[in-house]
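Visitor: structure for the following, please:
(one chain, ligands or ions: 1)
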Amino acid sequence: MHMSNRRPIVAGNWKMNGNLALIKQMEALFSNAELSHVDVVVCPPFPYLGGFNGSAFALGGQTISHFESGAHTGETAASMLQEMNCQYVILGHSERRADNNESNELVAEKVDVALKHGLIPLFCVGEPEDIRESGQLFDYIAAQLDAVISKVGIAAFNDIVIAYEPVWAIGTGKTASPAQAQEVHAFIRQHLAKQESDIAKQCVILYGGSVKGSNAVELFSQPDVDGGLIGGASLNPEDFLSICLAAKR
Ligand SMILES: O=C[C@H](O)COP(=O)(O)O
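Guide: Numbering: from 1, shown residues only. Okay, the predicted model is just below:
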């Protein structure tokens, strides 16, 4: 049997929350934690990226512009995140798709720009509740994946992390069951495998949506779930640490 060597990732998405005090608390707690089994990422709002000192975790942005630079007021370039020591960037989050009308095609352009600047996209896919109820779940996820595959090519998925986040589970306390998460993660892997089976086996796929210390072990123990993208619980250092400790060993 082929054994994957996928390394777990737990990423905290602070969204538009947090402050300098939270950075201090996080750094104090995480600098003494034994987390050699997992890559921990924190994605704070842009102004706070420069406020982190230690190397207890990697940093990520929450979006980038699809432009490289220039007269685009309010936007942030991939090269700037790279200069501010970011290794990751969240792209295609459902909140940006909804609040900022980000289409599958725009998300694909951003993934392309991120890769060109050496950032690892945390590329989010996931269905709203009505899509799941109408039986279009897999077509919907496939279209989100295909837009990026056709823009950057399947080989680029060596350097892309996928996050499956069912929209109905985000910030609602309504977590996908471990079986529901596994079903979609397996589908994503099979969909990639239609193009390139080794890349499908190696691709890290995170689950996001109301992950907490109390449900993380069960979610992360699913065979195709390689970690999590954590919103609300990433704002509480102890909760976030317990989720990181729950990653597969
Ligand atoms: O990016 C993180 C997700 O949107 C999950 O958020 P949540 O953990 O608050 O449900």
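
Visitor: closest to the centroid, which residue in the chain?
Guide: In the chain, the C-alpha nearest the mean C-alpha coordinate belongs to L122, at 3.8 Å (CA atoms, centre = their mean).

Visitor: please identify the helix or strand for the closest residue to that one other than its chain neighbours.
Guide: Leaving aside its sequence neighbours, L122 sits nearest to I90 (CB to CB, 6 or more residues apart in numbering; 4.7 Å). (C-beta placed from N, C-alpha, C; glycine too.) Here I90, judged by DSSP states H and E, is contained in strand 86-91.

Visitor: only the buried residues of that strand, if you could.
Guide: C86, Y88, V89, I90, L91 (16 or more other CB atoms under 10 Å).

Visitor: pretty sure the last one contacts D112?
Guide: This means L91. No - counting by CB atoms under 8 Å, L91 stays clear of D112, with 10.0 Å between them.

Visitor: for A77, see how far away the residue of the chain most remote from its centre is.
Guide: Farthest-out residue of the chain from its mean C-alpha position, per CA atoms, centre = their mean: A71, at 28.5 Å. Remark: distance between A71 and A77 (CB to CB, to the nearest Å) = 12 Å.

Visitor: list the residues that contact the residue of the chain found nearest the ligand.
Guide: At 2.2 Å from the ligand, G231 is the closest residue in the chain, using CB to the nearest ligand atom. By CB atoms under 8 Å, 6 or more residues apart in numbering, G231 lies in contact with N13, K15, I170, G171, G208.

Visitor: out of these, who has the most neighbours?
Guide: Counting neighbours by other CB atoms under 10 Å, G208 comes out on top of the contacts of G231 with 28 neighbours.
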